[in-house]
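Undergrad: have a look; sequence and predicted model below, questions after that.
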Amino acid sequence: MGLLTTLGTLRSWSARRWLVAAATAVATAVFIGVPTDLIPNPVFGRDVPVTWWAWPSLAVSSVLAGLLTATYVRSPVDPEAPGAESSRRRGLAGGLLTFFAVGCPVCNKLVLLALGYAGAMTWFQPVQPVLQVIAVALLGLALVQRLRGELACGLPSTSERTIRA
């Protein structure tokens with residue numbers, strides 16, 4: 001089963017799934033963008049300017065998170081797809097890594113406690129793009145796994161369900 005075939009399952013999605021994907025993508029962007037001060041707000045601030053790659057990274061992660069979340073939207077008769085638990089873990093890890101990757105290296109209290117200001121700038125800041133690549137890979141793998149599960153465990157057509165009932 002090729003990647004194009006797997007991604008081709010997106011064409012069969014209902015409007016409800018696409019609405020969930022879009023709403024989740026926006027919510028993810030806001031949920032990560034506000035506390036990392038990518039989206040300017042009066043509550044959070046940044047000591048280090050936003051990097052050139054932060055917005056595109058957040059956009060890609062948000063879209064992948066939205067698509068991944070939409071794979072969990074199903075009718076009451078749909079079975080749980082195989083690999084659901086591991087794709088959930090990958091999705092959560094990808095979202096968390098995106099938060100750390102696009103955030104201010106010295107505004108994150110956990111990083112400051114672990115490394116101090118100098119360590120955050122010397123060690124953590126250069127690693128942030130790598131964290132984002134890993135985040136996108138995890139979200140992408142989780143999405144592909146969920147989509148392949150849909151192909152492997154496809155439901156019978158509506159007419160077949162009616163006949164069996």
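TA: Received, thanks.
Undergrad: hey, where'd the helices end up in the chain?
TA: In the chain, helices defined by DSSP state H lie at 3-8, 15-33, 54-70, 84-102, 109-119, 125-152, 158-164, listed in chain order.
Undergrad: tell me the most buried of these?
TA: Highest mean neighbour count among these (mean count of other Cβ atoms under 10 Å): helix 54-70, with a mean of 21. Using the backbone N, CA and C atoms, a C-beta is placed for each residue, glycine as well.
Undergrad: just the angle between it and helix 125-152, please?
TA: Orientation check (axes from the mean of the first three to the mean of the last three Cα atoms, to 10 degrees): helix 54-70 against helix 125-152 gives 30 degrees.
Undergrad: between helix 54-70 and helix 84-102, how many degrees?
TA: Between the axis of helix 54-70 and that of helix 84-102 there is an angle of 160 degrees, by the same axes, to 10 degrees.
Undergrad: what mean pLDDT does helix 54-70 have?
TA: Within the predicted structure, the mean pLDDT of helix 54-70 is 95.
Undergrad: roughly how far is that helix from the heart of the chain?
TA: 5 Å (Cα atoms, centre = their mean, to the nearest Å).
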